[in-house]
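>>> What follows is a protein structure lacking sequence information:
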């Protein structure tokens, strides 16, 4: 049995305040945190041609300056832009602030294990952004991203539509890639979502996955795969654990998430209103309230416009609610 969410969506888009006193630069971005993820993100954004100005911040100012200079030396191969190290006064007029700062995930450590260390780091970052009358979109990338999106919202006081997390955009891309490889088809023709926590309780929505409109089961049969459920479940499990595999081999994941951030930024800067599974606050969808988690939304220049109800079967719905409860228990223990 498939269920479709009929709960009312209560995301209210609030116009950006303070534009008269603090003129936002629509093609300026800031990256806070210049570790593996932050530096890869900055390099990817330099090549994207989405921005004309990019400021980097890090607790180690020399690290930020070194990354900015190194990235700047590639500008002649891309497009004119300004890349430099700065401080919090330099981020107040950015259209997008991308926060990647935080402790690294260790081998055999879950994303949720990072929560208390990274919440403390966020307590030193987010209020310094909010105090500068920031009028853009705050994009959270550090893990555990759903919990830190919730924390950033509470610490910043910014409107909900303007505080989002990278969510399961990367997990969804991993799923599309894996299914494309298995089915011998262009991954861009695979339409699927991973939802819930960006982590161990995530849900692969296989029941509504399709290949350019052809239901997944029918496409598997067309490709000669009989009774494909076991293999599809194996692929979903492999996708969920892919970060652990990569971290064990090279200490961190950063290229895939950098490309995910680029895609999210493109939706915002171009006001694409594309549908992406970013992390944002839930208000009754599937009976889930008062927690940030990764679900498909319409994403544009003002951030989240609305949640998009997707078809889930009974098992997927149950697991989604369980994922929300896992996140809520963690959030309730935070001191914000």
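Looks like it arrived, so ask away. Computed from a predicted structure; not experimentally measured. Numbering: from 1, shown residues only.

>>> When you work out contacts or count neighbours from here on, use the C-alpha atoms and nothing else.
Noted.

>>> residue contacts, the nearest residue to residue 112 once chain neighbours are set aside?
Distance criterion CA to CA, 6 or more residues apart in numbering; nearest residue to residue 112, sequence neighbours excluded, is residue 144 at 5.4 Å. Residue 144 is in contact with 111, 112, 114, 115, 198, 199, counting by CA atoms under 8 Å, 6 or more residues apart in numbering.

>>> And the contacts of stretch 286-296?
5-7, 146-147, 149-150, 165, 167-168, 193, 195-198, 275-283, 307-310, 317, 321, 324, 327-328, 331.

>>> scratch that, stretch 225-234
Counting by CA under 8 Å, 6+ apart, 217, 220 sit against stretch 225-234.

>>> start to end distance for stretch 189-203?
20 Å (CA to CA, to the nearest Å).

>>> Okay, now the unreliable bits of the chain?
Scanning the chain for pLDDT under 70 picks out the ranges 1-22, 109, 111.

>>> Domain-wise, how is this protein divided?
25-165, 169-332 (automatic domain parsing).

>>> what helices or strands is the helix ranked longest in the chain leaning on?
Criterion DSSP state H: the longest helix present in the chain is helix 314-332. For helix 314-332, the elements it packs on are strand 2-4, helix 145-156, strand 203-204, strand 289-300, judged by 3 or more CA pairs under 8 Å, 6 or more residues apart in numbering; DSSP states H and E.

>>> and it with helix 145-156, angle?
40 degrees (axes from the mean of the first three to the mean of the last three CA atoms, to 10 degrees).

>>> which of the residues in helix 314-332 are buried?
Neighbour-count burial for helix 314-332 flags 316, 317, 319, 320, 322, 323, 324, 327, 328, 331 (criterion: 16 or more other CA atoms under 10 Å).

>>> neighbours around the closest residue to the last one other than its chain neighbours, how many?
Leaving aside its chain neighbours, residue 331 sits nearest to residue 147 (6.4 Å; criterion: CA to CA, 6+ apart). Residues within reach of residue 147, counting by other CA atoms under 10 Å, total 29.
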